[in-house]
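> Turn this into a model:
(3 chains)
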Amino acid sequence: MKIKHILESQQFTRPLLNEIFYVANQMDRMLIRGGTQDYNNKIMATLFYEPSTRTRFSFEAAMHRLGGRVISTENAKDFSSGSIGESLEDTINVLNNYTDVIVLRHNEIDGSKRAAKVSQVPIINAGDGKGGQHPTQALLDLYTMYKERGSIEGLKIAFVGDLAHGRTVRSLSYLLGKYERVKLYFIAPPVIQMREDILEYLDYRDIWYDTLDDLHSVISEVDVVYQTRIEKERLGEKVGEYEKFVKEYYIDQNVLERMSKDAIIMHPLPRMKEISPVVDNDPRAAYFRQSRNGILIRMALLSMLFE
Amino acid sequence: MKIKHILESQQFTRPLLNEIFYVANQMDRMLIRGGTQDYNNKIMATLFYEPSTRTRFSFEAAMHRLGGRVISTENAKDFSSGSIGESLEDTINVLNNYTDVIVLRHNEIDGSKRAAKVSQVPIINAGDGKGGQHPTQALLDLYTMYKERGSIEGLKIAFVGDLAHGRTVRSLSYLLGKYERVKLYFIAPPVIQMREDILEYLDYRDIWYDTLDDLHSVISEVDVVYQTRIEKERLGEKVGEYEKFVKEYYIDQNVLERMSKDAIIMHPLPRMKEISPVVDNDPRAAYFRQSRNGILIRMALLSMLFE
Amino acid sequence: MKIKHILESQQFTRPLLNEIFYVANQMDRMLIRGGTQDYNNKIMATLFYEPSTRTRFSFEAAMHRLGGRVISTENAKDFSSGSIGESLEDTINVLNNYTDVIVLRHNEIDGSKRAAKVSQVPIINAGDGKGGQHPTQALLDLYTMYKERGSIEGLKIAFVGDLAHGRTVRSLSYLLGKYERVKLYFIAPPVIQMREDILEYLDYRDIWYDTLDDLHSVISEVDVVYQTRIEKERLGEKVGEYEKFVKEYYIDQNVLERMSKDAIIMHPLPRMKEISPVVDNDPRAAYFRQSRNGILIRMALLSMLFE
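Sure thing, here's the model as predicted:
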């Protein structure tokens, strides 16, 4: 299937998701065989209006593993700020002359859509604005569940932590809404519980879900625990309960022991104090494998955009 | 012809300009065929003492299109500022051990000449100091006129906007002084009109020119409109007339309609409010093609320096 | 011999040093023949928690000369600072999924050892903390003496300047302690003279050394003058004598004339006012060749880590 741009989770159909996962699996085997130089005449630009060294590194490593080349800035505001600036559209028009794909992290929601409107080369949204999308993260998360568990259908998934502000879980919920028989547990204190817009979307898609605040009541039943970070400054009037929340949702040896033997623990990283380091050695800790899947998914997407 | 360094517009003879344009045309065809890996054992350093992501990207993309490799910094002052600093000459001596060509943006006029004096590898001046040179920009501008119009001889060219401070127009005037039967119109309010040194040079070269402040009186006659940005802070005591000037020199649909059918509009970019976005769709809008020509010219220069 | 990580000078045995120098010599010949693309499927990350463009460029150029690829940040604190941070160990675990070798400059002593403890891919210490190690610098210094003089055994070496704080001289002293019949002269005012820990180590290794403050009494006898920079702010209560010290240890034409014809002058660079530029043209000035040896040593180490 031909993809023109990667802009938002909603664009991915089930057949397209299947194809992306198939290509990502191929990339996995190809990496083990030593990589490729097939794309050594392609240039990728990382155009980041906000620094995110982690995301930038993941895209750049993926491009290099394909044999490609990279030009890179985390100070893209040089193009557009203040009196010597230019519109995002002009910047994209210029970069069209320099590169074969543009990975864009913009500070405004829909920055990547504006870019795609004028661009002849593919735009990849690497996160736009607060509350905007970060579709490659959602894809790598979904791919991790698929790869670790064999299929998405029928999975019981617990999302834990700050579900109100986490871009990751919101995007991922959109994708999970395309699968059958999944059961989603949104586990958070009410102040940072999953918002209505996503819940309405899941209702519309006829997806089973529950919102609760007690991790321990479901921990032994779920196939996937997707842990996220709670940030103090986002708790509003409940800021005084920060320590209590962190403690309640902490994943440690005790939690591990109550989990199913073939469940997995995911985390978008960086981790702060949500998961004890002793969990890292358990085979169910999937979060570092998840970051490797980010390379595979991005390799797959880049190669499909270059078709 | 052998080039050792790229330092200033004055160094380019007519035969050398012809050869550069010939090689740039070859690069154009080569890019369409998919590029080359011919220079994959060459390393280019971008050594920028002032950030200029746009210029850096253009050089880096050109080097990658040739198959080459890049090491890059926009914080080159780390080498030389304060108590742990070193001389530009020492930095160049060290980089001679690391790279095959050095693209230098220095904060002092003649920084690139000082660098060239000690360097065994080619130095490319990517802009030095305020009022200094930026010869690759002048070359890509000249190449754009040549490519769009078939030849430089006999062209009628209107330069519009801030001609007093614009490094670009000044450098380009030097190059145009080498061609015959060109007619140059310098269109600007007196406070930012082209300075005497350039006009004297054109007198000396016996080049026809006129200085005026009315764009509309000549717009229908010219082959090239080279628009530039007016900056408020450079208007001195005329700062109160900023909005008036911007309006007077604004290029929009009305101006387009009065232009010749085969004229072109150029702009060094970034654009602010000098050209209406509606102009972009007109085939005479050459400014984005101009930025692509920057890649071709830089590829040509790099390959000639590596000969 | 197999190397897993490059962490500190102490890890290098004499046979291993011999092998590194042998491979570095091979790299020298290979560079002259035009380099290699042998490692074009390898990715190196430069993960710098403190900027050091010079060291970063040297590693990146070495990797490119091997045909390899680079992802790079001098703002690695983005990974770990403040509320969105993560542990160094987590960062290393993630980068293990992206790259084949990690060049780490960390702001804490033993940062590289902590990294190595969790890393499946090789860690190269590119300087950790104040007073920590910078082993590749020590290796390139030792290699320079070996290459310039044919062997290390029997050399008379004068270290000059700030020997108390200079990471370089301290690390190098550890390596020289492995060789026979070397004679070390530590030439500095008492306030910045070589510290006891190194002197005790040399006593233990039975290495001949002397501490003195007069450069001129030994200048005509030594084979190597290793000059370093004195920094005002490190002189403590002797700050008033800064100018006097700088003058006393200045290497100029007069000093050159008293040196042996086949002695060499080294300097870790950057140089400030320790060596007159007139010395640069003397064949005994080895400091720019020394920086080239940095490329050769880093190429050798990278290729050995990839074995």
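
> tell me the mean pLDDT for stretch A:212-221?
The average pLDDT within stretch A:212-221 is 96.

> So what's the gap between that stretch and the chain middle?
Here the centre of stretch A:212-221 is set off from its chain's centre by 24 Å, with CA atoms, centre = their mean, to the nearest Å.

> Can you point out the buried residues in that stretch?
Along stretch A:212-221, these residues count as buried under the neighbour rule (16 or more other CB atoms under 10 Å in any protein chain shown): A:215, A:218-219. (Glycine included, C-beta is placed from N, CA and C.)

> For these, give me JSON lines that also has secondary structure.
Shown next, in JSON lines, are those (DSSP: H, G, I helix; E, B strand; the rest coil):
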{"residue": "A:Leu215", "secondary structure": "coil"}
{"residue": "A:Val218", "secondary structure": "coil"}
{"residue": "A:Ile219", "secondary structure": "coil"}
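
> Contact partners for the most centrally placed residue in chain A?
For chain A, A:Gln137 is the residue whose C-alpha lies nearest the centre (CA atoms, centre = their mean; 1.6 Å). Shown in contact with A:Gln137 (CB atoms under 8 Å, 6 or more residues apart in numbering or on different chains): A:127, A:167-168, A:171, A:268, A:294.

> hmm, back to that, A:Glu108: which of the buried residues of stretch A:212-221 is nearest?
A:Glu108 lies nearest to A:Leu215 out of the buried residues of stretch A:212-221, by CB to CB, at 35.2 Å.

> Distance check, the closest residue to the closest one other than its chain neighbours against C:Met304.
Distances taken as CB to CB, 6 or more residues apart in numbering or on different chains place A:Ile187 nearest to A:Leu215, at 5.2 Å, with adjacent residues excluded. For A:Ile187, the distance to C:Met304 (CB to CB, to the nearest Å) stands at 49 Å.

> picking up where we left off before, ok, so what distance separates the residue nearest to the centre of chain A from C:Thr55?
In terms of CB to CB, A:Gln137 sits 33 Å off from C:Thr55.

> Kindly report the same for A:Gly35.
From A:Gly35 over to C:Thr55 (counting by CB to CB), the distance is 27 Å.

> Show me where the stretch 1-150 of chain A has its helices.
Secondary structure of the stretch 1-150 of chain A (DSSP state H, counting those that start in this stretch): helices at A:14-32, A:53-65, A:77-80, A:88-95, A:111-118, A:135-149.

> of all the buried residues of stretch A:212-221, which comes closest to A:Val239?
Closest to A:Val239, out of all of the buried residues of stretch A:212-221 and judged by CB to CB, is A:Leu215, at 20.7 Å.

> in terms of contact, does the closest one touch A:Ala188 like I think?
No: using CB atoms under 8 Å, A:Leu215 makes no contact with A:Ala188, being 9.4 Å away.

> thought A:Glu231 was touching A:Gly166?
No: under the criterion of CB under 8 Å, A:Glu231 is not in contact with A:Gly166, lying 9.7 Å apart.

> which residues are contacting the least confident helix or strand in chain A by mean pLDDT?
Least confident element among the helices and strands of chain A, by mean pLDDT, DSSP states H and E: helix A:77-80 (a mean of 76). Identification of contacts with helix A:77-80 by CB under 8 Å, 6+ apart yields A:49, A:85-88, A:91, B:51-54, B:270.

> let's go with 10 Å and repeat that
A:47-50, A:73, A:84-88, A:90-92, A:94-95, A:106-107, B:51-54, B:56-57, B:74, B:269-270 (CB atoms under 10 Å, 6 or more residues apart in numbering or on different chains).

> Give me the subset of the residues you listed that also touch chain C.
B:Glu74 (CB under 10 Å from any CB of the partner chain).

> Using ChimeraX, define a selection of the buried residues within the contacts of helix A:77-80.
Restricted to buried positions by 16+ other CB under 10 Å, the ChimeraX selection for those reads:
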select /A:47,48,49,50,73,85,86,87,88,90,91,92,94,95,106,107 /B:51,52,53,54,56,57,74,269,270
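
> now the strands for chain A?
A:43-48, A:69-73, A:101-106, A:123-128, A:156-160, A:183-187, A:208-212, A:224-227, A:264-266 (DSSP state E).

> A:Arg170 and C:Met44: what is the separation?
35 Å.

> residues from the stretch 101-250 of chain A in reach of chain C?
Residues of the stretch 101-250 of chain A lying near chain C (CB under 10 Å from any CB): A:229, A:231-233.

> can we see that at 7 Å?
A:Glu231 (CB under 7 Å from any CB of the partner chain).

> about what we covered before: now render the helices of the stretch 1-150 of chain A as a markdown table, adding distance to B:Ser276.
Formatted as a markdown table, those follow (distance: least, CB to CB, whole Å):
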| stretch | distance to B:Ser276 |
| --- | --- |
| helix A:14-32 | 39 |
| helix A:53-65 | 35 |
| helix A:77-80 | 19 |
| helix A:88-95 | 13 |
| helix A:111-118 | 15 |
| helix A:135-149 | 34 |
